[in-house]
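A.B. asks: all I have is the shape, not the residue letters:
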Ligand SMILES: Cc1ncc(C[n+]2csc(CCOP(=O)(O)OP(=O)(O)O)c2C)c(N)n1
Ligand SMILES: [Mg+2]
């Protein structure tokens, strides 16, 4: 066994769940070693796609994933997806082949450490055959225990050397961090004094839905999420949906009227608070987070509690006594009546340009099975699928938007689909993001995924078109393209939806054998710029 084979089998033994990549000579052996040790591998068509597939798989399962890339250009191609994963604190191991230290004139040579650290990933290396076991375990522990994206460089000369003997060092599982008991007492007093508490759960709360629902019941709090935790409170009569740009008018009103907002594993950034405008002037603000750096990062807080979200909520449950709080009959009735975007009436803009994106999204919500996983790309269109498509729980929504890159949505849907094969994956893309990532349409077909890919096609970069309304749009508009034909070329079934009745084609596919994935090409009418877009550009 050589070091490359050792690294693959060691990571399998440590418990990585799924690998993705584009295989070149430098990562050929390590990838095959992972496969031989039982880790499933998906060959993507572009490293950028592979990186985001791995990221989405890890987010959806809660387990570490692996990306494997060729040295130099394989890693540079993957960088946007690695940056997204790093910013999202996804536990991801990037096995990056690397030119040997002595190959100073290799055309593949770049500073891979600098590249990794530049985007917030952790740079690691298998330094020598003798240190290989310690190097791999250190990289694995950093990824899992610190929730980091780790680029583990594998120099070619070290990879080819004979592997070390002996067992891997043990990696005991660590218990969640309990908060300080004084801080729990302080937070309990703040919650007990609140008349209209609202909980906003973020990424750090995605595994604590049960505890937060129970705590919400006892403390009389309404329940909201950031976009990345969408679905966490699905089905709860006191759930407001997403807080921030995608919030319904009712949710925005109720959050603004809160006298206490507790961010659970949620940094309360400009998106989640609409630049702070969802926090009323007299609202007390509390954050509970594992990460001291997140507390007060975007808004001043009245109280910060350092600790695991689930553990903190459990400790509070033990000391709080039940109260009505914000959970009045009137609020419950308002949520039942106007709690979803689809309950908010709109003037249908469907016309020569195409279908109104709200009509399209509501229609899709009606015809697609409830057990679905929704992945959304970036752009002017992005709020429509996020706000109008219901999701069954937090694993049913995968939002790779920490880097705000377009082109990640399709790969996100692929990774999440592999994590939840029991659900229908739905990729919602703009025409720009779809074409940027089109190579992975082949991956969808090759893997036999029964996916629905919806393209909100405004023939351009709508975000830019609407942001600069009176400008020359030559650089951001494109000619008509028949994306249904493009989809069929890759092996998709395809329908074009210009009006609501055209959605029958989607319903027919849902009712059929779903032997091929479905591409829904939806030329859309101009909305004149979506309501969250101006909000977004304020942050630039
Ligand atoms: C990789 C990358 N390049 C450029 C941008 C700037 N950008 C933001 S939205 C957007 C347009 C996206 O077009 P499309 O996918 O068609 O969505 P639309 O805005 O038209 O709804 C662009 C170019 C970006 N966010 N990411
Ligand atoms: Mg567009």
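C.D. replies: It's in. This is a predicted model, so every value here is computed, not measured. Residues are numbered from 1 along each chain as shown. Ligands and ions are numbered 1, 2, ... in the order given.
A.B. asks: can you tell me if stretch 433-449 touches ligand 2.
C.D. replies: No - contact of stretch 433-449 with ligand 2 (CB under 5 Å from the ion) is absent, the minimum separation being 7.9 Å. Placement of C-beta: from N, CA and C, glycine included.
A.B. asks: buried sites along that stretch?
C.D. replies: The neighbour-count check on stretch 433-449 (16 or more other CB atoms under 10 Å) flags 433, 434, 435, 436, 437, 438, 440, 441, 443, 444, 445, 449 as buried.
A.B. asks: ok, now how distant is residue 135 from ligand 2?
C.D. replies: Distance, residue 135 to ligand 2, using CB to the ion, to the nearest Å: 44 Å.
A.B. asks: residue contacts, the nearest residue to residue 353 once chain neighbours are set aside?
C.D. replies: Computed as CB to CB, 6 or more residues apart in numbering, the closest residue to residue 353 that is not its neighbour in sequence is residue 525, at 4.3 Å. Neighbour list for residue 525: 349, 350, 351, 353, 354, 355, 356, 357 [criterion: CB atoms under 8 Å, 6 or more residues apart in numbering].
A.B. asks: who's in contact with the last one?
C.D. replies: If a contact means CB under 8 Å, 6+ apart, then residue 357 has 381, 384, 456, 522, 524, 525, 527 as its contacts.
A.B. asks: the fifth one contacts residue 455, correct?
C.D. replies: So that's residue 524. No - using CB atoms under 8 Å, residue 524 is not in contact with residue 455; the gap is 9.2 Å.
A.B. asks: close to ligand 1: what parts of the stretch 351-500 of the chain are there?
C.D. replies: The stretch 351-500 of the chain has residues 377-381, 404-407, 430-433, 456, 458, 460-464 near ligand 1, with proximity defined as CB under 6 Å from any ligand atom.
A.B. asks: in PyMOL, how would I select just the buried ones from these?
C.D. replies: Here is the PyMOL command that picks out the buried ones among those, judged by 16+ other CB under 10 Å:
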select buried, resi 377+378+379+380+381+405+406+407+430+431+432+433+456+458+460+461+462+463+464
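A.B. asks: tell me which of the residues of the stretch 351-500 of the chain next to ligand 1 fall in helices.
C.D. replies: 431, 432, 433, 462, 463, 464 (DSSP state H).
A.B. asks: re earlier: what's the most distant pair in the contacts of residue 357?
C.D. replies: Across the contacts of residue 357, no pair lies farther apart than 522 and 527, at 13.1 Å, counting by CB to CB.
A.B. asks: for residue 481, see how far away the residue positioned nearest the centre of the chain is.
C.D. replies: In the chain, the residue lying closest to the centroid (CA atoms, centre = their mean) is residue 399, at 3.0 Å. Distance of residue 399 to residue 481, computed by CB to CB, to the nearest Å: 27 Å.
A.B. asks: now residue 436
C.D. replies: Note on residue 436: its distance to residue 481, by CB to CB, is 13 Å.
A.B. asks: and for residue 387?
C.D. replies: 26 Å.
A.B. asks: comparing these two, which residue is more hemmed in?
C.D. replies: It is residue 387, of residue 387 and residue 481, that has more neighbours when counted by other CB atoms under 10 Å, with 24 against 15.
A.B. asks: hmm, back to that, higher neighbour count, residue 522 and residue 527?
C.D. replies: Neighbours of residue 522 and residue 527, each counted by other CB under 10 Å, are more numerous for residue 522; the result is 27 against 20.
A.B. asks: spell out which residues of the stretch 401-540 of the chain are next to ligand 2.
C.D. replies: 430, 431, 432, 458, 462.
A.B. asks: 8 Å instead?
C.D. replies: Contact residues, the stretch 401-540 of the chain versus ligand 2 (CB under 8 Å from the ion): 430, 431, 432, 433, 456, 457, 458, 459, 460, 461, 462, 463.
A.B. asks: which ones are touching the last one?
C.D. replies: This means residue 463. Applying CB under 8 Å, 6+ apart, the residues near residue 463 are 378, 379, 380, 533, 536.
A.B. asks: just the pLDDT for it.
C.D. replies: Listed pLDDT for residue 463 reads 95.
A.B. asks: check what pLDDT the nearest residue to residue 462 once chain neighbours are set aside gets.
C.D. replies: With CB to CB, 6+ apart as the criterion, residue 462 has its nearest non-adjacent residue at 3.5 Å, and that residue is residue 380. Looking at residue 380, its pLDDT is 96.
A.B. asks: how close does residue 380 sit to ligand 2?
C.D. replies: Residue 380 is 7 Å from ligand 2, where distance means CB to the ion.
A.B. asks: ok, residue 187 next?
C.D. replies: According to CB to the ion, residue 187 and ligand 2 sit 44 Å apart.
A.B. asks: in the helix or strand harbouring that residue, what counts as buried?
C.D. replies: For residue 187, the host element (DSSP states H and E) is helix 181-193. Under the neighbour-count criterion of 16+ other CB under 10 Å, helix 181-193 has 183, 184, 187, 188, 190, 191, 192 buried.
A.B. asks: which residue packs closest to the second one, ignoring adjacent ones?
C.D. replies: Nearest non-adjacent residue to residue 184, counting by CB to CB, 6+ apart: residue 315, 4.7 Å away.
A.B. asks: please identify which helix or strand holds the one you found.
C.D. replies: helix 309-317.
A.B. asks: quick one: that helix to helix 181-193, angle?
C.D. replies: Helix 309-317 and helix 181-193 are oriented at 70 degrees to each other (axes from the mean of the first three to the mean of the last three CA atoms, to 10 degrees).
A.B. asks: ok, back up a step: reformat the contacts of residue 463 as CSV; add distance to residue 22.
C.D. replies: Putting those into CSV (distance: CB to CB, whole Å) gives the following:
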residue, distance to residue 22
378, 23
379, 26
380, 31
533, 34
536, 32
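A.B. asks: now, which of these sits nearest residue 325?
C.D. replies: residue 536 (32.4 Å).
A.B. asks: so what pLDDT did that closest one get?
C.D. replies: 71.
A.B. asks: test my guess that it contacts residue 227.
C.D. replies: No - counting by CB under 8 Å, residue 536 does not reach residue 227; the two are 11.7 Å apart.
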